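> following is a predicted model, sequence given first.
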Amino acid sequence: MTSSSSFLTISFRPDLHLLIVRWLRDVTQAELQQGYSATLQAAVQHSATCWLIDSRRRTQSDTAMVQWLANDYLPTLSSQLNNRIVHLACLVAATWQPAETPATPLAVLAQEAPQAGQPFKVQLFGDEGAATQWLQANC
């Protein structure tokens, strides 16, 4: 199963039980919401709680995007996926430096300390293999 638009591709790897989301360019707030809505639909369809989010082609973010993701989207994932913790491996460019380079909304959230009882876990990776290993170890 693969779904795509001009700014996002979503595919499911049944052998790894892994949802792979690749952002293809920087997006607007509306595209961000549309993309993550499509991602959740695919996750529900496949009961996928392990997501590889490839953000390497994105560099832009703003406070509204981060707030929507943190307050409106991520907290609802678990309840829509049989109350399971959702693991999100956020893939950033290997040369990305948090203090020096703009971050995507998910990368911004990955840098914050997790809150107790949070129904999702976000981790940053510069290497897709390491991200996949982390997902497989936690899902």
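Good, I have the coordinates. On a predicted model such as this, the values are computed, not experimentally measured, just so you know. Numbers count the residues shown, from 1 in each chain.
> for this structure, longest helix please?
helix 29-46 (DSSP state H).
> the residue nearest the centre of the chain: which element?
Taking CA atoms, centre = their mean, the centroid of the chain lies closest to I53, which sits 4.0 Å from it. Assigned by DSSP states H and E, I53 falls within strand 50-54.
> which helices and strands does the next helix or strand after that strand pack with?
Sequence order places helix 63-67 as the next helix or strand after strand 50-54, per DSSP H and E. Packing partners of helix 63-67 (3 or more CB pairs under 8 Å, 6 or more residues apart in numbering; DSSP states H and E): helix 29-46, helix 105-110. For glycine as for every other residue, the C-beta is placed from the backbone atoms N, C-alpha and C.
> list phi and psi for the residue nearest to L81 when sequence neighbours are not counted.
Using CB to CB, 6 or more residues apart in numbering and skipping residues adjacent in sequence, the residue nearest L81 is T49, 5.4 Å away. Dihedral pair for T49: phi -110, psi 10, per degrees, to the nearest 10.
> check D62 too.
The phi/psi pair for D62 (degrees, to the nearest 10) is phi -150, psi 170.
> then I10?
Torsion angles, degrees, to the nearest 10, at I10: phi -130, psi 130.
> element containing the closest residue to it other than its chain neighbours?
For I10, ignoring the flanking residues on the chain, the nearest one in space by CB to CB, 6+ apart is S3 at 4.5 Å. Using DSSP H and E, S3 sits within strand 2-4.
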